[in-house]
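Engineer: A predicted structure for the sequence below; I have some questions about it.
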Amino acid sequence: SGPSYLMSIFYDKKRSEYGTAFLDISTGEFFISSSDAGRGAGKENSSADLGSGNAFADLNSDIAKYMPAECIISSPINPALAENLKNRGILVTPYRESAFDYDTASEYLKKHFGVSSLEGYGCIGMESSIRAAGACLAYACETQMSDLSHVRGLSTRLPSGSMILDAITLRNLEVLENIRSKGTDTSLFGTLNTTKTAMGMRILRKYVTAPLINRTEIEKRLDAVEYFVKNPMIRSSLRECLDKFSDIERIAGRISYGNAGPRDLVTLKNSLDKIPLIKLSFDSGHGAFGINSGGIGGGIGAVGGAGTSQATAVCDGDAGDINSGNGGIHNSVPELVAKALMGTSEMQAVRKLIDSAITDDPPVLAKGGGVIREGYDKSLDELRYISVSGKDWIADFQQTERERTGIKSLKVGYNKVFGYFIEVTKSNMSMVPKEYIRKQTTANGERYTLPELQEKESLIANAEEKLIALEYELYQDLILKLKSETGTLQKTAQCIGLLDVYSTLGAVSHSRNYVRPVIEDSKRLLISGGRHPVVERNLNAGFVPNDAQIDASDNQILIITGANMAGKSTYMREVALITVMAQAGCFVPAESAVIGIVDRIFTRVGAFDDLSSGQSTFMVEMLELANILNNVTDRSLVILDEIGRGTSTLDGYSIAKAVLEFLHGRGGEGPRTLFATHFHEMVDIEADLKRVRNYHFAVKETGNDIAFLRKLIPGATDKSYGIHVARLAGIPDKVIGRSEQILKEEMDRQFDPSSEKKRSPRFTQMLLIDTPAPVSAPRRENPVVKKLLNSDPDSMTPRDALAFLYELVNDARNDENKP
């Protein structure tokens with residue numbers, strides 16, 4: 001199963017930043033993050049509160065990425081944040097403000113980790129995050145009533161270390177879930193997720209939501225994946241060993257806070273038994289692998305010994321070098337695979353201890369007995385003998401009484417209220433001996449006892465009571481011993497998860513004909529024969545591949561026009577997903593791919609009303625667009641699909657054109673941009689802006705029928721084929737026919753110079769292509785032109801430019817209404 005995080009948030013208004021902490025109690029994973037509210041937009045945003053601006057956008061991305069089950073926050077809670085968490089079904093718990101005090105939080109963390117400083121965890125200067133982390137851990141320890149000793153360290157996750165995929169982009173690219181079905185199967189994660197273990201699944205989820213931006217680290221991951229692509233025998237053998245491998249990371253967590261059941265331990269032992277086989281699987285490709293089969297040095301002490309109870313064994317050593325003395329790993333094994341293997345401990349002593357202590361098929365709970373194996377503890381064995389022999393005595397006693405009394409149906413029974421009893425039916429009452437002591441009358445007869453039966457009952461009951469108590473005591477002692485090994489166990493779980501992810505991506509890449517991308521520090525994307533990974537997997541027919549050539553100097557912006565349903569949106573998402581996969585360290589669906597590292601992917605796709613916050617379709621679009629323009633860098637990848645559809649034609653066209661000009665004119669090199677549009681006038685921009693290129697998706701026309709070829713070709717088109725798509729969707733023929741008639745009339749009117757346009761007196765908005773003013777009309781100064789001539793675009797911020805654009809549109813409308 002996936003991670004289940006407890007989240008903690010602290011917002012510092014003075015510093016305009018928030019700090020977050022995430023803790024998975026079940027695994028011990030604990031990390032912090034932070035964001036500056038003024039980042040990327042100048043310090044004019046420094047007074048923004050947590051409910052708006054970049055801080056909230058980044059926070060929303062973290063929430064979408066990690067989906068915590070519960071969030072604690074210092075009071076008073078921000079209304080916008082509370083609403084956002086509530087809409088996602090996340091429990092919000094106000095927690096005492098004193099826990100978020102910096103000194104209190106810092107001291108709590110240092111005491112828990114047993115360190116004198118937190119600098120070793122990479123959180124220097126992250127005051128808000130430390131506040132959040134201290135409160136998070138304190139709350140978890142209080143609610144779990146445990147010291148959570150398996151939470152052994154703190155890591156940092158900062159935007160600088162990975163590609164930023166905000167909540168909007170994760171949704172629009174369907175990285176984690178499908179927009180319509182909300183399922184994971186038809187998402188990028190679901191497409192790649194053939195992991196065998198829960199640990200591997202969680203790591204893969206991190207990979208696709210936070211791809212790397214360091215070329216060296218990306219290449220190391222690709223080396224690991226390529227190793228499994230090129231070594232099918234090792235890959236197959238390893239994945240067979242990992243099949244049905246239990247979630248030992250979470251079992252380690254349950255052991256740490258004393259919540260592990262007997263079956264957890266058996267499951268743990270069975271999984272640890274597979275680790276030697278996992279290491280041997282690499283022999284199939286390299287001969288003698290050279291890993292010390294002894295696993296960790298020391299560990300839990302020797303078990304057993306003449307005259308010594310096995311339960312007295314103690315943990316008496318630290319993890320040693322699992323590779324000592326055997327020549328090491330074959331030199332063809334890549335670095336990350338070798339590290340994962342080196343970090344995987346066989347934990348022989350742990351396996352032996354569990355095997356000697358726990359029965360093969362124990363009950364779910366430890367308190368009822370039947371858990372500890374015979375031979376583990378002498379005292380327990382003696383009590384067991386008394387209990388078992390006592391029950392044998394009861395069986396013999398029943399047979400003796402039947403023969404002595406002649407009552408063949410006589411039975412010796414037991415219940416918790418009356419203990420042991422002799423039961424005689426009514427038909428045999430005359431045969432009951434005088435020494436029988438009546439104990440209970442039932443509907444079918446009488447129940448009796450005898451002094452000797454009472455004496456034996458006391459002996460058996462006392463033995464069973466002691467037996468259950470001693471079993472539970474021994475079990476708790478066993479958990480205490482295993483608790484000291486949770487650090488090694490957690491590391492082993494992580495390493496197993498990494499081997500799972502590398503082999504999974506290798507298997508997927510091999511079976512689906514993915515290729516290794518070339519990673520560069522350049523600003524270009526060159527994809528030959530690219531395919532959409534999710535669509536390709538779910539298509540019955542073959543997927544039509546397409547190329548992409550985008551760079552910051554010559555082909556920075558691709559304007560994509562063409563028919564509805566031709567494949568524009570799929571293509572743009574395809575380019576983005578290939579980039580995500582490459583930087584996550586995965587092979588990609590293409591014939592070849594050169595990926596210049598992208599620091600962030602922005603998407604503005606589709607349109608919807610955010611009714612919960614009272615925002616219209618167009619307002620949502622503009623807010624997302626503002627986020628892009630305020631935060632984009634020349635290393636970003638921008639996906640814009642149909643900008644300006646939520647308003648009038650002129651407004652939409654004006655905004656779309658201004659946005660492209662802004663993205664193009666950012667200091668000589670701008671972000672790599674894919675821009676799909678139905679504003680066919682936009683294609684003229686190619687002549688004015690040197691880094692803009694027009695492309696369209698080919699369509700084959702046969703009479704009134706069209707066929708979508710799904711092939712991207714250079715050049716522009718002015719046809720959208722909207723009526724054809726409407727026919728395919730099942731719109732009634734009557735409506736289709738009328739649509740074609742109206743289209744013909746409008747086109748005739750548009751291209752007929754003598755045609756007079758009729759306009760409704762209620763229609764006051766200027767048309768994109770308006771009727772020329774009569775020759776006799778007096779010439780007057782145009783206020784829009786005047787404002788444009790007097791403006792200084794170089795001094796405008798993106799926000800000023802957008803506001804100025806709205807002002808021009810408003811002036812144009814007012815000017816049209818003048819006589």
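Structural biologist: Alright, I've got the coordinates. Note that the structure is a prediction, hence the values are computed from the model and not measured.

Engineer: Low-confidence bits of the stretch 1-150 of the chain, can you list those?
Structural biologist: Within the stretch 1-150 of the chain, the stretches with pLDDT under 70 are 1, 16, 35-57, 75-78.

Engineer: what about the helices in it?
Structural biologist: 53-66, 79-87, 102-113, 127-144 (DSSP state H, counting those that start in this stretch).

Engineer: Out of those, which one sits most buried?
Structural biologist: helix 127-144 (a mean of 23; mean count of other C-beta atoms under 10 Å). For glycine as for every other residue, the C-beta is placed from the backbone atoms N, C-alpha and C.

Engineer: can you give me the angle that helix makes with helix 102-113?
Structural biologist: Interaxial angle, helix 127-144 versus helix 102-113 (axes from the mean of the first three to the mean of the last three C-alpha atoms, to 10 degrees): 60 degrees.

Engineer: Off-centre distance for helix 127-144?
Structural biologist: Counting by C-alpha atoms, centre = their mean, to the nearest Å, helix 127-144 is centred 22 Å from the centre of its parent chain.

Engineer: so after it, what's the next helix or strand?
Structural biologist: Per DSSP states H and E, the first helix or strand lying C-terminal to helix 127-144 is strand 155-156.

Engineer: Identify all contacting residues around that following strand.
Structural biologist: 30-33, 121-123, 126, 129 (C-beta atoms under 8 Å, 6 or more residues apart in numbering).

Engineer: Now with 6 Å, please.
Structural biologist: 31-32, 122-123 (C-beta atoms under 6 Å, 6 or more residues apart in numbering).

Engineer: Selecting buried members of those residues in ChimeraX, what would you type?
Structural biologist: Provided next is the ChimeraX selection string for whichever of these are buried by 16 or more other C-beta atoms under 10 Å:
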select :31,32,123
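
Engineer: before we move on, the earlier item: out of the helices of the stretch 1-150 of the chain, which gets nearest to Ile496?
Structural biologist: The closest approach between Ile496 and any of the helices of the stretch 1-150 of the chain, judged by C-beta to C-beta, belongs to helix 53-66 at 21.8 Å.

Engineer: about what we covered before: which of the contacts of strand 155-156 lies closest to Ala593?
Structural biologist: Ala593 lies nearest to Phe31 out of the contacts of strand 155-156, by C-beta to C-beta, at 30.9 Å.

Engineer: helices and strands of this structure: which one has the lowest mean pLDDT?
Structural biologist: For the chain, counting by mean pLDDT, DSSP states H and E, helix 283-286 ranks last in confidence among helices and strands (a mean of 63).

Engineer: Which is the succeeding secondary structure element to that one?
Structural biologist: helix 335-342.

Engineer: Low-confidence ranges, the stretch 701-819 of the chain, go.
Structural biologist: 703-704, 718-721, 750-781, 784, 786, 789-790, 792, 794-800, 815-819.

Engineer: now with 80?
Structural biologist: Within the stretch 701-819 of the chain, the ranges that satisfy pLDDT under 80 run 701-708, 717-729, 736, 739-740, 743-819.

Engineer: for it, what spans make up the strands?
Structural biologist: Under the criterion DSSP state E, counting those that start in this stretch, the stretch 701-819 of the chain contains strands at 705-714.

Engineer: just how off-centre is stretch 268-275 within its chain?
Structural biologist: Relative to the centre of its chain, stretch 268-275 is centred 26 Å away, using C-alpha atoms, centre = their mean.

Engineer: what's the domain layout of this protein?
Structural biologist: Here the domain parsing of the chain from automatic domain parsing is 6-161, 198-370+484-510, 378-473, 514-720, 761-819.

Engineer: of the ones you listed, which approaches Arg180 most closely?
Structural biologist: With C-beta to C-beta as the criterion, Arg180 lies closest to domain 514-720 of the domains of the chain, at 11.2 Å.

Engineer: tell me the contacts of Val518?
Structural biologist: Val594.

Engineer: switch the cut-off to 8 Å
Structural biologist: Val518 touches 592-595, counting by C-beta under 8 Å, 6+ apart.

Engineer: returning to what we had before: is it possible to export the helices of the stretch 1-150 of the chain to CSV including distance to Leu525?
Structural biologist: Formatted as CSV, those follow (distance: least, C-beta to C-beta, whole Å):
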stretch, distance to Leu525
helix 53-66, 23
helix 79-87, 33
helix 102-113, 42
helix 127-144, 34
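
Engineer: Tell me where the stretch 701-819 of the chain has helices.
Structural biologist: Under DSSP H, counting those that start in this stretch, the stretch 701-819 of the chain gives helices at 722-728, 733-751, 783-790, 798-817.

Engineer: out of those, nearest to Asn627?
Structural biologist: For those, the distance to Asn627 is smallest for helix 798-817, at 10.5 Å, taking C-beta to C-beta.

Engineer: May I have the closest one exported as PDB, CA atoms only?
Structural biologist: Extracted in PDB, the C-alpha atoms of helix 798-817 (Å, rounded to 0.1, in the frame of the first residue of the first chain):
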ATOM      1  CA  PRO A 798       3.800  40.600 -16.200                       C
ATOM      2  CA  ARG A 799       0.900  41.600 -13.900                       C
ATOM      3  CA  ASP A 800       1.100  45.200 -15.200                       C
ATOM      4  CA  ALA A 801       1.000  44.000 -18.800                       C
ATOM      5  CA  LEU A 802      -2.100  41.800 -18.200                       C
ATOM      6  CA  ALA A 803      -3.800  44.700 -16.400                       C
ATOM      7  CA  PHE A 804      -2.900  47.100 -19.300                       C
ATOM      8  CA  LEU A 805      -4.300  44.600 -21.800                       C
ATOM      9  CA  TYR A 806      -7.700  44.500 -20.000                       C
ATOM     10  CA  GLU A 807      -7.700  48.300 -19.900                       C
ATOM     11  CA  LEU A 808      -7.200  48.500 -23.700                       C
ATOM     12  CA  VAL A 809     -10.000  46.000 -24.300                       C
ATOM     13  CA  ASN A 810     -12.300  48.000 -22.100                       C
ATOM     14  CA  ASP A 811     -11.300  51.300 -23.900                       C
ATOM     15  CA  ALA A 812     -12.000  49.600 -27.200                       C
ATOM     16  CA  ARG A 813     -15.500  48.600 -26.100                       C
ATOM     17  CA  ASN A 814     -16.300  52.000 -24.800                       C
ATOM     18  CA  ASP A 815     -15.000  53.700 -27.900                       C
ATOM     19  CA  GLU A 816     -17.200  51.500 -30.100                       C
ATOM     20  CA  ASN A 817     -20.300  52.700 -28.200                       C
END
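
Engineer: Determine the set of other helices and strands touching that helix.
Structural biologist: helix 617-631, helix 649-664, helix 783-790 (3 or more C-beta pairs under 8 Å, 6 or more residues apart in numbering; DSSP states H and E).

Engineer: ok, the closest residue to Val809 other than its chain neighbours to Tyr806 distance?
Structural biologist: Nearest in space to Val809, with sequence neighbours left out and distances taken as C-beta to C-beta, 6 or more residues apart in numbering, is Asp651 at 5.7 Å. Distance of Asp651 to Tyr806, computed by C-beta to C-beta, to the nearest Å: 8 Å.

Engineer: Look at the two and report which has more neighbours.
Structural biologist: A count of neighbours by other C-beta atoms under 10 Å puts Asp651 above the other of Asp651 and Tyr806, at 18 against 14.

Engineer: ok, that one to Leu788 distance?
Structural biologist: Going from Asp651 to Leu788 by C-beta to C-beta gives 17 Å.

Engineer: still on that earlier bit, could you identify which of the helices and strands packed on helix 798-817 is most buried?
Structural biologist: Of all those, helix 649-664 has the most neighbours on average by mean count of other C-beta under 10 Å, namely a mean of 20.

Engineer: how far off helix 798-817 does it point, in degrees?
Structural biologist: Using the same axes, to 10 degrees, helix 649-664 lies at 150 degrees relative to helix 798-817.

Engineer: quick one: which of the domains of the chain is nearest Leu192?
Structural biologist: So among the domains of the chain, domain 198-370+484-510 is nearest, using C-beta to C-beta, at 5.7 Å.

Engineer: Can you give the distance of that closest one from its chain's centre?
Structural biologist: Distance, centroid of domain 198-370+484-510 to centroid of chain: 22 Å (C-alpha atoms, centre = their mean).

Engineer: Good, we can wrap up now.
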